[in-house]
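**Q** sequence and predicted structure are below.
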Amino acid sequence: MKKILLASLVLTSLGCFAVQAQDAPGTNVPANGDWTGSGELGFASTTGNTRSQNLDAKLGLNQENAQWKNSFFLDALRSKSQVKVVNPDGSTYKKYNTTANRYDGGASVGYKLDPRSYIVGAGRYEHDDFGANRWQAIVSIGYGYIALKTQRTELSFEIGPGFKEYQPADTTVTVNGVSHPYTQDRQKEVVARGLVNYKYRLTANTSFENTFLMEAGSKDKYFQDDAGLNVSMTKKLSLKVGYEVRHHSTVLPGVKKTDTLATTNIVYNI
């Protein structure tokens, strides 16, 4: 089933690039909209008493024209920190331990019924070595509505049913006083997917964007909120401060339900 979901995600991504725009009168968007977007990169390294390396990268592409409203994204996060290891003989050495390793990607294809409403198909896959789930994948179909779209403000909503499969994080079991790694069974469920995207241009070179995602099922309810403030330095380059919150309603004992990530990235606008 995981392979089917991954294949669906790939096909959805390819569909975004394969669709051809058609003229539709009465819209305030071009009949043949080009792909636009941005790539982000942030890196931090500490030395001295503590050593660590953190890297996060993002790529987002969007297209909207008279007939289609499409998007595609890829995110990655990796962190390492240096720790001291003590050998049985009392000697010590230092090594880097990975403390975060996550990547996810997704795409959506929206076919407009009129200038404001559209039918949307979406897919998303996430892998996280240190999260509540080792991986999760979802495909969905739903209805979207562009509530507001001006030169400064944009607000859109998406909602619909989907199917989710995920692998809970590995745990350990104790047998005769000895701990052994234990892989959880895969979980499958029907979910309700919701998405709210808000953009607001504060000034000519400053903009704010917030995206809220919900994937709620009977076994687990997942919420993600991404907020970012973008300040343009040149036509192509800008500086972005972001804050991300991820929350699972159901986790294993000892695993926190909520993860947060604060970033300061250099952005290249495509």
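**A** Perfect, I can see it now.

**Q** in the stretch 1-150 of the chain, which spans are strands?
**A** Along the stretch 1-150 of the chain, the stretches classed as strands by DSSP state E, counting those that start in this stretch are 36-46, 52-64, 68-86, 92-112, 117-128, 133-149.

**Q** which stretch among those strands comes nearest residue 268?
**A** Comparing the strands of the stretch 1-150 of the chain against residue 268 with C-beta to C-beta, the closest turns out to be strand 36-46 (4.9 Å). Yep, even glycine has a C-beta here, placed from its N, CA and C like the rest.

**Q** look at the closest residue to residue 180 other than its chain neighbours and report its pLDDT.
**A** Once flanking residues are discounted, residue 180 sits nearest to residue 173: 5.6 Å by C-beta to C-beta, 6 or more residues apart in numbering. pLDDT for residue 173: 72.

**Q** please apply the same query to residue 8.
**A** 44.

**Q** residues contacting stretch 197-217, please?
**A** Around stretch 197-217, the neighbours that count as contacts under C-beta atoms under 8 Å, 6 or more residues apart in numbering are 138, 151-156, 162, 164, 189-196, 221-232, 238.

**Q** I misspoke; the intended subject was stretch 223-230.
**A** Contacts for stretch 223-230 (C-beta under 8 Å, 6+ apart): 206-214, 238-247, 267.

**Q** hang on, residue 245 packs against residue 258?
**A** Yes: counting by C-beta atoms under 8 Å, residue 245 does reach residue 258; the two are 6.6 Å apart.

**Q** of these two, which one has the most company?
**A** residue 245 (14 against 11; other C-beta atoms under 10 Å).

**Q** ok, and the closest non-adjacent residue to the more buried one?
**A** Excluding the flanking residues, the one nearest residue 245 by C-beta to C-beta, 6+ apart is residue 225, at 4.8 Å.

**Q** repeat that for residue 167.
**A** Leaving aside its chain neighbours, residue 167 sits nearest to residue 134 (4.3 Å; criterion: C-beta to C-beta, 6+ apart).

**Q** and the residue nearest to residue 180, which of the three is it?
**A** At residue 173 the chain is in strand, as set by DSSP: H, G, I helix; E, B strand; the rest coil.

**Q** what separates it from residue 133, distance-wise?
**A** Noted for residue 173: a distance of 19 Å to residue 133, by C-beta to C-beta, to the nearest Å.

**Q** between those two, who's got more neighbours?
**A** Shown here are residue 173 and residue 133; by other C-beta under 10 Å, residue 133 has more neighbours (23 against 9).

**Q** got a pLDDT number for the residue nearest to the more buried one when sequence neighbours are not counted?
**A** Among residues not flanking residue 133 along the chain, residue 166 sits closest, at 4.6 Å (C-beta to C-beta, 6+ apart). pLDDT, the model's per-residue confidence, is 95 for residue 166.

**Q** for residue 252, same thing?
**A** pLDDT recorded at residue 252 is 83.

**Q** list the contacts of it.
**A** Residues in contact with residue 252 (C-beta under 8 Å, 6+ apart) are 132, 168, 169, 171, 184.

**Q** and for the spatially closest residue to the third one that is not a sequence neighbour, the neighbour number?
**A** By that I understand residue 169. Counting by C-beta to C-beta, 6+ apart, the nearest residue to residue 169 once its immediate chain neighbours are dropped is residue 134, at 5.6 Å. Using other C-beta under 10 Å, residue 134 has 18 neighbouring residues.

**Q** done for today, thanks.
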